[in-house]
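Chemist: Just a sequence and a predicted model for now, questions to come.
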Amino acid sequence: MIKRYKALKRVNKKRKAKRDAGRDPVRVQHLHDLGCIVCLRTTGTWVACTIHHTRQGMGMGMRNDDAHAIGLCPDHHQEGGHGITIHAGQETFEAIFGTETELLAATNDYFVARGWPV
């Protein structure tokens with residue numbers, strides 16, 4: 001029983017290390033400070049945001065690391081209607097507000113302008 005417990009403990013450490021790879025709490029805090037990138041670009045106002053990890057280069061059920069994350073308000077992330085939120089009609093959303101890659105580039109430009117690490 002003790003051998004099995006130690007083996008499970010080793011496996012859990014490996015899973016935690018894999019899960020924590022790519023996490024950047026400083027960038028995430030700066031994303032929250034910046035707010036929703038779509039609202040900032042369209043209206044010039046700050047709106048509290050949640051973190052959206054872009055899907056570029058990722059398979060189903062996988063999440064990109066924090067270096068490929070953008071801030072989106074609830075309306076633009078999950079709660080708005082078709083074309084307003086990225087998770088309901090992504091093609092329409094991207095036609096109106098820009099692709100995930102363009103929004104990530106805009107986010108990084110704001111970071112550079114404020115002297116934050118990208």
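Modeler: That came through, no problem.
Chemist: Look at residue 13 and report its pLDDT.
Modeler: The model reports residue 13 with a pLDDT of 62.
Chemist: Ignore what I typed, I meant residue 28.
Modeler: Looking at residue 28, its pLDDT stands at 91.
Chemist: Could you double-check that residue 96 sits in contact with residue 85?
Modeler: No. Here residue 96 does not reach residue 85: they are 11.0 Å apart, not a contact under C-beta atoms under 8 Å. Just so you know, the C-beta spots here come from the backbone N, C-alpha and C atoms, and that holds for glycine as well.
Chemist: List the contacts of residue 63.
Modeler: Neighbouring residues of residue 63 by C-beta atoms under 8 Å, 6 or more residues apart in numbering: residue 53.
Chemist: Between residue 96 and residue 85, which is the more surrounded one?
Modeler: residue 85 (21 against 12; other C-beta atoms under 10 Å).
Chemist: List phi and psi for that one.
Modeler: phi -110, psi 140 (degrees, to the nearest 10).
Chemist: ok, what's across the strand from it?
Modeler: residue 82 (DSSP bridges).
Chemist: hang on, it packs against residue 76?
Modeler: Yes. Between residue 85 and residue 76 there is a contact at 5.9 Å, judged by C-beta under 8 Å.
Chemist: between these two, what contacts are shared?
Modeler: In contact with both residue 85 and residue 76: residue 93, using C-beta under 8 Å, 6+ apart.
Chemist: Going along the chain, name the helices of this structure.
Modeler: 2-20, 25-34, 37-42, 74, 90-97, 100-114 (DSSP state H).
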